[in-house]
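Take this sequence and fold it.
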Amino acid sequence: MPFARGVRCFSLTAVFICLSFLFAHETRAENARPNRHRVASAHQHGAFVCGTYHGSALDAILFDKVQSSQRAQQGLASRPAQTFVAGDLVVIEDDGTLIAEPGRNAFDLRNKGLHFTPNTNGSYDVSASTLAFDEGLGTNLNAGDDTNHRINFTSGFSFPFAGQTWDHTYIRSNGNLTFGGIGNPDFYDPADFNLELPIIAAFFVDLNPQAGGGVYYQQAGDRFVITWDRIPEFGAQNSNTIQLTLFADGSFDIVFTDVDIQVALNGNPIYVGFSIGDLGAEFQSVNFSNLPITGSRAGAIFEAFEDIPYRVVSTVGIAQRFYAVQPDSFDQLVLITDFDLLGAPFGAFYQFVRNDIQGLGLNNFDLTANYGSAGRLQGFLHMNFVNYWPDNPAGFSFVNVLGQEAEHEWGAFVRSLVNGVETDLILGRSLGHWSFYLDTDGSVMEGNGWQDNGNGTFTTVRSFDNFSLLDHYLMGLRPAEEIPPFFLIDVPGVTLTQRSAFPQTGVTATGVKRTITVDDIIAVEGPRVPSAATAPKVFRQGYVYLTRQGVTPSQANLDKADRFRASWIDYYSDRTDGRGIFQTQLGPALPVATVEGLVTNASNGSIIKNLEAKWLEKSYVQPIYDGGHYEFRTLASSTAPADIQATIVLRAFPYLPDTSVVTLTYGNPLVHHRALTPLPQTNLTGAVRDAAGNGVSAKLTLFASSDVIDDFTATATSDAQGNFTFSGLYVSQPPAIAYDRLVVEPDIPFAGQTLTNIVITGGTNDLNIVVEPADILLVNDDPNGNFSNYYSSALEEIGVTSFVWSQKDRGLAPVSFAPQFKRNIIIWYTGNAGGAEVLTPAEQDSLAAHLDRGGNVFLTGQNIAESLNGTPFLSNRVRVAFDRNLNDIILHGVQSDPVGKGLINIINAGTLGANNQTSRDVLIPSAGAIACVMFDTTAGTVAGVRVTDPANNSRLVFFGFGFEAVNPGSVPRPGYVGRPEVMQNVLDWLSGVTQVADRNEAPNGIPAAFHLSASYPNPWQAGMGAAEAEIRYHLPLDLAAQRVTLRIFDVLGREVATLVDQPYRPGQFSARWNGRDMRGELVSNGVYFYKLQAGALQHVQKQLLVR
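All right, here's what the predicted structure looks like:
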């Protein structure tokens, strides 16, 4: 299987990707070594790629041994080199042992053989083998990829090796034998060559017999033969045959026949040789092309065939040089180099050196002695060339990447229960980072800050700049009770590759929200030990600046590296909310000032949940989900600091905020308990009434906001008399609690209202609300979509109020209420892309009855004509027939028509509209239907009509497409119209209002004065001659008025009808009266008055009606 080389992270342009490995969940090798997964190659994502993995320290130790032994083989001695302190950096000059320059040692033993003979020094002599390849392969092990097979010796054979005589061996598919154990039990791991485990590496490389060839063995009384026959390397199509023969006298031969590999595809060394498993014994690198080798005393003799394409440093050797001049008082060592690594495929990495914490998903191990530490060192961070990073350490740069690498000491490796099932779904790339779909508040351990859109979709709003509260728990900074539930987006069929995507804001995903708690993690991993109560909160990093032999670092580079070092102190404290400390200065441990306390309810002493604690001077803010315990700490800048002042602000809902000032002495933690006083509670009462003082039933929703807890709502319902009460409201105490708005949703036909800036005081709170009928009735008859906002927003923009009726939720719309609206108009939208019935017979009858009462209708939606073709409603009421569907997204209004006038281009697709039209209807108008909207690119095709029925004085506009899909464009464009312009034309015509001239068409024709003309005809004999009386009026440009109304009154001053009630706009207009009242009924003969009013101006004229 593939494996990422030990100490590597990649860099390309702007994204950081880390390949980190664990796992406590895997089967342990007999020596309890840290295990790790592997990948075929480092995953490239356009910028930083990190190759951190669990077990990398073993590779570093092996690398150091190999390099040291190769230098000894070449007769190279270390050279004098400097180690000195520059500020808080330990500058180390390479002495020839710390930097491996690029080089290549290709496999050159094809068709050769090696004979290993025990010598009198307890090691082996090596000579050329004369043994011929044994064609009798024997038993096929049917080996798979990375498999291990214990074989007991028979026929009286035994094998003396590494100070013992063995009656069995483990044949491993990756070209080696082990005795007494198997190293990494599941994965190819070259570090197995450096374990306390005897091993013979015939050709130790990542072979894959599952893809071809096979592993065989045969036994005899004097020998044991193993053959790796024609096996390809993992991820390649080559062929490799090697035979190993063990003899009863302890000697062994390795014969290489057809070997295609020269260097390993995965970048790791190919080991040929042996190790007796004594880590203290000499480790001898040789060249098997220069034989014989005699007189060795080494516990391991080997040749490493490899390609080193870039500069590799010995982290083990660097650490040892560091500890030669510094005490063992550091938790992490951080390396910055003064030189380019010549194309190294990494940006940064973390090496695991020690772990004794339980509950993290990690094994316990201790490799500190190899690094020169007596047990304190936890990990080694390689942060690359100093000029690899931008000068500014902030942003997506040095400290963010350092944040991920430093946190690899603790995470992210834990599994959890998800929906009651143990899984690794919360993990992403390499199972060592958070899943892209996990809500992590933008953790540097990846995942994202996700916003729940409330409709099954989620959008990323924060990425890669934070430590999540779950990260705090893993680091030991917070107890489990302080970590609130978080969530995972469970995306059906999601792959590990998708979970491994790098964090990015602005991404929307669809899935099921799965709530996860820390207890779900503890159920799998066990509790963290030590817990937050006793875990360290103060850590130290030592910074190493490595130079090449004979190179003096520039002061500019040293200053830059030191800025990086210093920036980490505040970065870590800020993102752990003042809980954690990282000292990066050399010298003695600096003192820490700490304040902590328990926060309780002053009334009953109970622990306060959902607490927010601030240290104002430091700008630390701690959210505390449960437990009521806050704690802050800060690091001194010297060993003898003065006392400091801390202003602590504690807030929670529903309590009055508490501010206290304390003096802190470094080195003496202060316990500072506080008690919060509950906010007083009161009521909000009032009534909802119409203009005449009649009670109106309504639903009232009070929206409250808080910067302490999530926003919430309270609801109340007014009774038949309009009275309502909100009980138990907390008094306003911004920003802890503020009431942003009160939404009033009265029963039909009244328009809703939104009242803002509601203040709840400790006294009496009364609120009386007057509601008015809405202008029109808006019916949502689309069962598969909720697009009413596209209609209501267009109506709001032109100053028209609506009452929205959803038939899916409330049943058939009560259109009989339409005359009680200010305008006797119904907007009815529906549609079904499948062509199914979109208007039921009951709905058709209801609309027909409304038209018969003189009402007006705007009907819109795709498939209406297709579904109703041939029905009396479509033929006699809408007066069209269905022609065909057309996927033409551009339409235009008929410029000579009052509905189509000015609608030059109507775009009916795109994301700024509903973007839901797939089968627009082409209409065939019959007598009485006038085309008002046409398809643009298909000549002569009608998309919309208007109909006037003189029998009942009704008007109807029908669009064979969904109005909700009209796309206004992201910016105003000449000739393109939005939904408000289309809606204005439709409602003007339905209302009988026509703009005769406007600002755009006739700038010189804008009236200079407010004027109401005499109606025509007058007298008007209804039912004979003209069907309607026309009333013209002028509105000047500079009149300061918000709305204009034109109403009809009888001789007693009672309002009969409202012809116009809309936002004020200048121009010359014409309105029509059909002789009917607000209920749609014909009025009696007599004298009537019509009044035009705009602001303080009004004009009245008289109309005589004769029947």
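
pLDDT below threshold where in this protein?
Residues of the chain that meet the criterion pLDDT under 70 lie in 1-55, 394-396, 832-837, 971-973, 996-1005, 1022-1026, 1038.

Which residue ranges of it form helices?
All helices of the chain, identified by DSSP state H, fall at 56-73, 315-323, 368-371, 398-407, 469-475, 496-499, 518-525, 555-575, 788-797, 807-810, 841-852, 864-868, 872, 979-991.

Centre of the chain to the last one, how far?
In other words, helix 979-991. 42 Å (CA atoms, centre = their mean, to the nearest Å).

and that helix, C-alpha only, in CSV?
Provided in CSV are the C-alpha atoms of helix 979-991 (Å, rounded to 0.1, in the frame of the first residue of the first chain):
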residue,chain,number,x,y,z
ARG,A,979,-40.1,42.1,-11.2
PRO,A,980,-41.2,45.5,-9.7
GLU,A,981,-41.6,47.1,-13.2
VAL,A,982,-43.5,44.1,-14.5
MET,A,983,-45.7,44.0,-11.4
GLN,A,984,-46.4,47.8,-11.6
ASN,A,985,-47.7,47.5,-15.2
VAL,A,986,-49.9,44.5,-14.4
LEU,A,987,-51.5,46.1,-11.3
ASP,A,988,-51.9,49.5,-12.9
TRP,A,989,-53.9,47.9,-15.7
LEU,A,990,-55.9,45.7,-13.4
SER,A,991,-56.7,48.7,-11.2
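
wait, what's in contact with the closest residue to V524 other than its chain neighbours?
Nearest residue to V524 in three dimensions, chain neighbours excluded: R415, at 4.7 Å (CB to CB, 6 or more residues apart in numbering). Where C-beta positions appear, they are placed from N, C-alpha and C, glycine not excepted. With contact set as CB atoms under 8 Å, 6 or more residues apart in numbering, R415 has these partners: H25, G361, E422, T423, D424, I426, L427, I521, V524, E525.

Quick one: buried ones out of those residues?
Burial by neighbour count, judged by 16 or more other CB atoms under 10 Å, picks out H25, G361, D424, I426, L427, I521, V524, E525 from these.

between those, which is nearest G96?
Nearest to G96 among the buried ones among the contacts of R415 is G361, at 39.7 Å by CB to CB.

Any idea how many residues pack against the closest residue in space to the closest one that isn't next to it in sequence?
Residue nearest to G361 in three dimensions, not counting chain neighbours: F413, with 3.5 Å by CB to CB, 6+ apart. Around F413 sit 25 other residues, with neighbours defined as other CB atoms under 10 Å.

What does F413 show for phi and psi?
F413 has phi and psi values of phi -130, psi 0 when expressed as degrees, to the nearest 10.

residues near the nearest residue to A1040 once chain neighbours are set aside, how many?
With CB to CB, 6+ apart as the criterion, A1040 has its nearest non-adjacent residue at 6.4 Å, and that residue is G1095. Residues near G1095, counting by other CB under 10 Å, number 13.

just to revisit the earlier point, can you list the helices of the chain in JSON lines and add distance to L729?
Shown next, in JSON lines, are these (distance: least, CB to CB, whole Å):
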{"stretch": "helix 56-73", "distance to L729": "58"}
{"stretch": "helix 315-323", "distance to L729": "62"}
{"stretch": "helix 368-371", "distance to L729": "60"}
{"stretch": "helix 398-407", "distance to L729": "43"}
{"stretch": "helix 469-475", "distance to L729": "31"}
{"stretch": "helix 496-499", "distance to L729": "44"}
{"stretch": "helix 518-525", "distance to L729": "34"}
{"stretch": "helix 555-575", "distance to L729": "36"}
{"stretch": "helix 788-797", "distance to L729": "29"}
{"stretch": "helix 807-810", "distance to L729": "29"}
{"stretch": "helix 841-852", "distance to L729": "42"}
{"stretch": "helix 864-868", "distance to L729": "47"}
{"stretch": "helix 872", "distance to L729": "55"}
{"stretch": "helix 979-991", "distance to L729": "38"}
